[in-house]
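Novice: The following comprises the amino acid sequence and a computationally predicted model.
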Amino acid sequence: VSEDADEEGKLGFVNLKCVIWHELFLKLLELVVQYSKTGYSHQCFDKIICWLFPILLILSADYEEQ
């Protein structure tokens, strides 16, 4: 979504960008879930084929306000 000075900061525009971001991230997660179960082969620079299983590590914290 291109940045438009007239729409910047308006609730509808912000919500649109938020929905687009979440939908695309969901598609990315679907691919990661698929490959984390089945894995995929990758040929490294030294011509060795490795079987990789991707994971996502997330650190979530709720800090006290200061």
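Specialist: Arrived safely.
Novice: C-alpha from now on. contacts and neighbour counts both.
Specialist: Noted.
Novice: show me where pLDDT drops low in the protein?
Specialist: 1-9, 66 (pLDDT under 70).
Novice: which phi and psi does the residue nearest the centre of it have?
Specialist: Central residue of the chain (CA atoms, centre = their mean): Phe25, 4.2 Å from the mean position. The phi/psi pair for Phe25 (degrees, to the nearest 10) reads phi -70, psi -40.
Novice: got it, and Asp62?
Specialist: Here is the backbone geometry of Asp62 (degrees, to the nearest 10): phi -120, psi 100.
Novice: can you count the residues close to it?
Specialist: 5 (other CA atoms under 10 Å).
Novice: ok, now Ser60?
Specialist: Ser60: 6 neighbours (other CA under 10 Å).
Novice: That one is in what secondary structure piece?
Specialist: For Ser60, there is no host helix or strand (DSSP states H and E).
Novice: What of Lys17?
Specialist: helix 11-38.
Novice: Now find how far off-centre that helix is within its chain.
Specialist: How far helix 11-38 lies from its chain's middle: 6 Å, per CA atoms, centre = their mean, to the nearest Å.
Novice: Sheet partners, orientation included, of the helix or strand just after that helix?
Specialist: Downstream of helix 11-38, the first helix or strand assigned by DSSP H and E is strand 40-43. Applying DSSP bridges to the sheet, strand 40-43 is found paired with strand 49-52 (antiparallel).
Novice: Show residues contacting the strand it pairs with.
Specialist: 39-44 (CA atoms under 8 Å, 6 or more residues apart in numbering).
Novice: again, 6 Å this time
Specialist: The contact list for strand 49-52 (CA atoms under 6 Å, 6 or more residues apart in numbering) reads 39-43.
Novice: cool, stretch 35-48 as well?
Specialist: 49-54.
Novice: Can you add neighbour count and distance to Val33 and give these back as JSON lines?
Specialist: Putting the contacts of stretch 35-48 into JSON lines (neighbours: other CA atoms under 10 Å; distance: CA to CA, whole Å) gives the following:
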{"residue": "Ile49", "neighbour count": "12", "distance to Val33": "21"}
{"residue": "Cys50", "neighbour count": "12", "distance to Val33": "19"}
{"residue": "Trp51", "neighbour count": "11", "distance to Val33": "15"}
{"residue": "Leu52", "neighbour count": "13", "distance to Val33": "13"}
{"residue": "Phe53", "neighbour count": "15", "distance to Val33": "10"}
{"residue": "Pro54", "neighbour count": "15", "distance to Val33": "8"}
